[in-house]
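> Sharing a sequence plus its predicted fold:
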Amino acid sequence: MDELLSVSVGGAFVGGDRPVLRENIDDLSRMVEEADVLLREKGRDDVDGFGWINLPYQDLSETIEIGRWLSGFEAIVQIGIGGSALGNRMLAKALLPPFYNELDASVRKAPKFYLLENPDPKTAVSLLDRLDLSKTAFIVVSKSGSTTETAAHFLWAWQKVREKMGERASDNFLIITDPRKGILRKFAKSTGCRSLNIPESVGGRYSVLSSVGLATASALGINIEKLVQGAKEMDQRLALRSHLWENPAWLLACINLLHAKAGRNMAVMMPYGDDLADFAEWFAQLWGESLGKEGCGTTPVRALGAIDQHSQLQLYAEGPDDKLITIIDVNNRPLFLLPDVVDIDALKDLEFLYGKALGDLLSIEARSTASALVKAGKPIIYLKIPEVSERYIGALVFFYEYVTALVGFLMKINPFDQPGVEQGKRYIYSLMGRKGYKEYVKEVEEYFGACQKMEIII
Ligand SMILES: O=P(O)(O)OC[C@H]1O[C@](O)(CO)[C@@H](O)[C@@H]1O
């Protein structure tokens with residue numbers, strides 16, 4: 001059986017004044033086993049929030065058919081935010097060629113892909129101005145169906161497409177939302193435009209392996225069957241590992257809990273390779289929104305190797321001992337050889353690079369950084385995947401969803417809700433004049449008034 005990923009945890013055991021030792025892990029054995037049983041039982045019953053564990057077993061036929069329809073467009077604009085966009089960004093960055101949208105159509109053989117996430121007018125205006133709207137598909141994704149930023153972009157895009165295509169505008173829209181409720185579900189019903197469901201038991205940040213991530217991925221030529229296959233294999237292999245020191249998800253969950261308890265309240269995610277840059281972004285929402293409640297949780301820090309060796313490493317190595325650092329390396333990278341020899345004497349000192357492979361350099365940097373951090377007494381986890389391709393990305397995604405859920409149970413919090421985001425939304429609705437939220441205007445002005453005190457202008 002070939003490996004899906006390897007996790008080396010030797011570097012996670014550090015001494016110093018707040019040690020995390022192997023025996024501490026053994027003490028958690030019963031707890032993590034019980035958390036795993038809970039996860040699988042509730043998953044089997046498709047309990048709200050646990051549905052992501054069943055996604056590797058979904059029927060992909062409808063998603064593939066919609067993907068085929070989408071692939072006929074010149075461009076795809078996905079409108080969504082948070083879990084309704086970050087997974088797509090991660091899959092596109094990892095599995096599409098670099099500079100994808102600039103590639104010639106004959107090479108790309110699939111539509112250009114754009115995400116409209118942040119309600120920034122500059123981005124939105126310049127994007128729509130560069131598109132032929134009649135040849136553009138708009139995928140509007142929202143589990144709740146009413147997220148303000150997504151709704152704002154959607155209303156604008158809908159108006160623009162209507163101006164261009166009149167009654168046929170809904171032909172260019174795909175709605176991905178809750179199967180029964182929400183404004184977008186109502187819109188899909190009233191216009192008859194195409195739609196896909198986000199299973200009710202699947203939360204936004206756990207939805208990348210549902211139609212949320214897979215419809216667009218399929219349209220862009222990403223092999224979603226292999227993606228889901230990788231997740232399925234990970235699920236089945238984890239299910240067979242019933243001993244703590246053989247189950248990498250159990251082990252990572254315990255290690256993260258123990259370092260959090262030891263005051264290492266930041267979880268740095270540092271993949272090596274541009275194609276994994278947005279994996280750290282996706283992880284940040286998954287980790288932060290799942291664990292950051294009731295005073296628990298550790299702060300996800302996005303980093304990128306080798307770039308952050310020249311930015312953050314000083315802090316990681318010699319700054320406060322408040323971080324658990326995960327380095328993700330890749331075994332097989334595209335071969336890119338540096339020149340064998342350069343006949344300029346002045347460059348003689350660089351001969352150590354002659355004929356070397358750039359990909360090897362990146363992995364050597366990952367191992368060297370891991371070693372330097374261990375030497376500095378900082379805890380690290382070194383994770384490696386065979387290559388950046390659908391099967392291994394599917395496995396990696398499912399693995400981290402699993403680890404995050406287990407850490408939540410070990411921290412005795414619910415990893416599947418996000419009550420802390422609602423207050424800000426109520427204030428936004430009140431200031432935007434949404435019916436039923438007037439009562440919050442005074443409150444938000446009061447609190448913002450407090451922020452504005454002692455304003456210094458220069
Ligand atoms: O998919 P929706 O409902 O539009 O929500 C988008 C994102 O906003 C949040 O609800 C946070 O505000 C996330 O949990 C979610 O991924």
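The structure has been received and is ready for your questions.
> Neighbours of the residue in the stretch 151-300 of the chain positioned nearest to the ligand, how many?
At 2.8 Å from the ligand, Gly204 is the closest residue in the stretch 151-300 of the chain, using C-beta to the nearest ligand atom. For glycine as for every other residue, the C-beta is placed from the backbone atoms N, C-alpha and C. Gly204 has 26 neighbours, counted by other C-beta atoms under 10 Å.
> I'd guessed it sits against Val141; true?
No - taking contacts as C-beta atoms under 8 Å, Gly204 lies outside contact range of Val141: 9.1 Å.
> Give me the secondary structure label for the spatially most central residue of the chain.
For the chain, the residue whose C-alpha lies nearest the mean C-alpha position (C-alpha atoms, centre = their mean) is Trp282; its distance is 1.6 Å. Here Trp282 is helix, with the state taken from DSSP: H, G, I helix; E, B strand; the rest coil.
> Next, the contact list for Pro334, please.
For Pro334, the contact set (C-beta atoms under 8 Å, 6 or more residues apart in numbering) comprises Gly359.
> Please report phi then psi for Val330.
Backbone torsions of Val330, given as degrees, to the nearest 10, read phi -130, psi 130.
> Sorry, wrong one. I was asking about Ile381.
Ile381 adopts backbone torsions of phi -120, psi 130, taken as degrees, to the nearest 10.
> Now it: closest residue in space, sequence neighbours ignored.
Once flanking residues are discounted, Ile381 sits nearest to Thr326: 4.5 Å by C-beta to C-beta, 6 or more residues apart in numbering.
> Tell me, what's the model's pLDDT at that neighbour?
Reported pLDDT at Thr326 in the predicted model: 98.
> what's next to stretch 257-268, contact-wise?
So stretch 257-268 is in contact with 12, 18-20, 24-25, 28, 256, 287, 296-301, 303, 312, 316, 321-326, 379, 407, 410-411, going by C-beta under 8 Å, 6+ apart.
> Let's see which of those residues end up in helices.
Taking DSSP state H as the definition of helices, the contacts of stretch 257-268 contribute Asn24, Ile25, Asn256, Trp287, Tyr316, Val407, Leu410.
> List just the nearest of the residues you listed to the ligand.
Taking the ones in helices among the contacts of stretch 257-268 together and measuring to the ligand by C-beta to the nearest ligand atom, the closest member is Trp287, at 12.7 Å.
> Dihedrals phi and psi, Leu128?
Main-chain dihedrals, Leu128, degrees, to the nearest 10: phi -70, psi -30.
> number of nearby residues for the nearest residue to it once chain neighbours are set aside?
In space, and not counting its chain neighbours, Leu128 is closest to Lys160: 5.8 Å by C-beta to C-beta, 6+ apart. Number of residues near Lys160 (other C-beta under 10 Å) recorded here: 18.
> before we move on, back to that, give me the ChimeraX select line for the contacts of stretch 257-268, limited to the buried ones.
The following ChimeraX line selects those of the contacts of stretch 257-268 that are buried, judged by 16 or more other C-beta atoms under 10 Å:
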select :12,20,24,25,28,256,287,296,297,298,300,301,303,312,316,321,323,324,325,326,379,407,410,411
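> can you pull the contacts of the residue of the stretch 301-450 of the chain found nearest the ligand?
Nearest residue of the stretch 301-450 of the chain to the ligand: Val421, at 3.8 Å (C-beta to the nearest ligand atom). By C-beta under 8 Å, 6+ apart, Val421 lies in contact with Glu289.
> pretty sure it is in a helix, no?
Yes - counting by three-state DSSP, Val421 is located in a helix.
> Show me which residues of the stretch 351-458 of the chain are close to the ligand?
Gln418, Val421 (C-beta under 6 Å from any ligand atom).
> low-scoring stretches of the stretch 351-458 of the chain, by residue?
Judged by pLDDT under 70, the stretch 351-458 of the chain has no weakly predicted residues.
> need the helices for it, in chain order.
358-375, 390-410, 422-431, 439-452 (DSSP state H, counting those that start in this stretch).
> packing partners for the second one?
In terms of contacts (3 or more C-beta pairs under 8 Å, 6 or more residues apart in numbering; DSSP states H and E), helix 390-410 is packed against helix 29-44, helix 86-95, helix 224-240, helix 248-261, helix 277-291, strand 380-385.
> The shortest one: how far from the chain's middle?
Pointing back at strand 380-385 there. Between the centre of strand 380-385 and the centre of its chain there are 17 Å (C-alpha atoms, centre = their mean, to the nearest Å).
> List the strands paired with that strand, with their directions.
strand 6-8 (antiparallel), strand 323-330 (parallel) (DSSP bridges).
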